[in-house]
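Asks: The following comprises the amino acid sequence and a computationally predicted model.
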Amino acid sequence: MAGDDTNLNLSDRKRAGEAVQERQELLRLVLATLPVGVLVTDRFGDIVLANAAAELIWGGMIIMGRERWVRSTASWHDSGRHIAPSEWASVRALREGKTSLNELIDIETFDGQRKTIQNSAAPIRDADGLIVGSVVINEDVTERVRAESALRESTDRLQHFSRRLLAVQEDERRRLSRELHDEFGQLLAGITLHLQAAKGLAGDAARSRLEECVALIQDAGAQLRSLVLELRPTMLESAGLVPTLRWLAKQHEERTGMVTQVVGELNDVRSDLAIACFRAVQEALTNVIRHARAQHAWIELNQTDDRLELAIRDDGVGFEVAKALDQAANLGRLGLLGMKERVQILGGDIEIHSEPGGGTRIRISLPARPLEVSASP
């Protein structure tokens, strides 16, 4: 009987040993399959396990029992500051029980390469909650970080050129406005004087026709002055943004009969923001005339230390925002899209809220301080 029990115990131990070996082999296969580096340390910080991906990332065999990366040349990716041995995530996990996720680190590998890794670590605790080791996850994100950096540089350059294009566009508007005022304005004034003089010399039959011509010329002059002001209102530079918006609201009300109010005040606004706000309100009011069938429009102003807030709303018929933007892109109607682009170039945000029958509100938020945009190639 005793012999049978002994044989049974040996058989159980054999099966248990085989089960342990199978689990160890499964763990080895899992670690070998993972595309990220996995390292496990004991409570002293000595490496007891490392997979092939970790050795590939670090450019050489990771020696068990030595936490080599703690003594490696490495720095924080964002600041470039050297990482002290006590600052590594695995050390913090062992000493403080702290879990650290996705820390970007620039390293020099064992074979002399420069890489950027995403480093995470967490403490391993036993059944009593005591820290008995740490698990470290490394992911090589060198190419991703380089691509993101290149994309940011490209975006910065595009933003710089877009801002420059807007400035050139405004300069051209200013030049055109000046030429229309100085040349065509004087020409119309001269024609009016000649027509007035001709009235005194003409007979009764021609005088009425000449009076009609004078009226037409005067109307053309008024339209020309309005166009000049819309192209580049000189009061935007002389009086500032708020008085210019009040003038624009008054012009809109006189032209359409729609009650148009400016609510709120702003302090001094730098030139590029003032132009962006003026153009946004100009475009929004044009859309109100064309589409909204509104009775009332409001231009709302607000300012904080670091943001300038502007909203244009109406009580019109409203629209489906997503559908309207899709149609604008497809049909080449660039009003709203141009407004969004101008705001985003300046680092701002724009929100359009509307629904059929519910009116429309366009909210714009712009940074009060100029953006620092790289112009390097």
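Replies: Here it is on my side, so go on. Numbering: from 1, shown residues only.
Asks: contacts, neighbours, all on C-alpha from now
Replies: OK.
Asks: In the stretch 151-300 of the chain, what residue spans correspond to helices?
Replies: Secondary structure of the stretch 151-300 of the chain by DSSP state H, counting those that start in this stretch: the helices cover 185-201, 204-231, 235-238, 241-256, 271-287.
Asks: what does the first one rub up against?
Replies: Identification of contacts with helix 185-201 by Cα atoms under 8 Å, 6 or more residues apart in numbering yields Ala206, Arg207, Leu210, Glu211, Cys213, Val214, Ile217, Gln218, Gly221, Leu224, Arg225.
Asks: chain center to stretch 78-97: distance?
Replies: The chain centroid and the centroid of stretch 78-97 are separated by 32 Å, computed with Cα atoms, centre = their mean, to the nearest Å.
Asks: Contacts for that stretch next, please.
Replies: 43-45, 70-71, 73-76, 98-100, 104, 119-123, 131-136.
Asks: Narrow those to those in helices?
Replies: Judged by DSSP state H, those include no members of helices.
Asks: Just the buried residues from these, in ChimeraX please.
Replies: Buried members of those, defined by 16 or more other Cα atoms under 10 Å, are picked up in ChimeraX with:
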select :43,45,70,73,74,75,99,100,104,119,120,121,122,123,131,133,134,135,136
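Asks: Local confidence estimate at the residue nearest to Val288 when sequence neighbours are not counted?
Replies: Nearest residue to Val288, sequence neighbours excluded (Cα to Cα, 6 or more residues apart in numbering): Ala294, at 7.0 Å. Predicted confidence (pLDDT) at Ala294: the value is 92.
Asks: Next, the buried residues of stretch 45-58.
Replies: By neighbour count on 16+ other Cα under 10 Å, the buried set for stretch 45-58 is Gly45, Asp46, Ile47, Leu49, Ala50, Asn51, Ala52, Ala53, Ala54, Glu55, Ile57, Trp58.
Asks: Now do the end-to-end distance for it.
Replies: The separation between the terminal residues of stretch 45-58, taken as Cα to Cα, to the nearest Å, is 17 Å.
Asks: quick one: contacts of that stretch?
Replies: 28, 31-32, 34-42, 61-67, 90-91, 94, 109-111, 133-134, 138-140.
Asks: Check the average confidence over that stretch, would you?
Replies: Mean predicted lDDT for stretch 45-58 stands at 88.
Asks: One more: stretch 314-326?
Replies: 86.
Asks: quick one: contacts of that stretch?
Replies: Taking contacts as Cα under 8 Å, 6+ apart, the residues outside stretch 314-326 that touch it are 288, 292-298, 336-337, 352-361.
Asks: hmm, back to that, go through the buried residues of stretch 45-58 and name the one nearest Leu366.
Replies: Sorting those by distance to Leu366 puts Ile57 at the head of the list, at 43.1 Å, by Cα to Cα.
Asks: Would you map out the domains in this structure?
Replies: Residue ranges for the domains of the chain, per automatic domain parsing: 34-140, 150-232, 234-370.
Asks: Let me see the mean pLDDT of the shortest one.
Replies: Per-region confidence: domain 150-232 scores 71 on mean pLDDT.
Asks: can you tell me which of the buried residues of stretch 45-58 are in helices?
Replies: Helix and strand membership here follows DSSP H; of the buried residues of stretch 45-58, those in helices are Ala52, Ala53, Ala54, Glu55, Ile57, Trp58.
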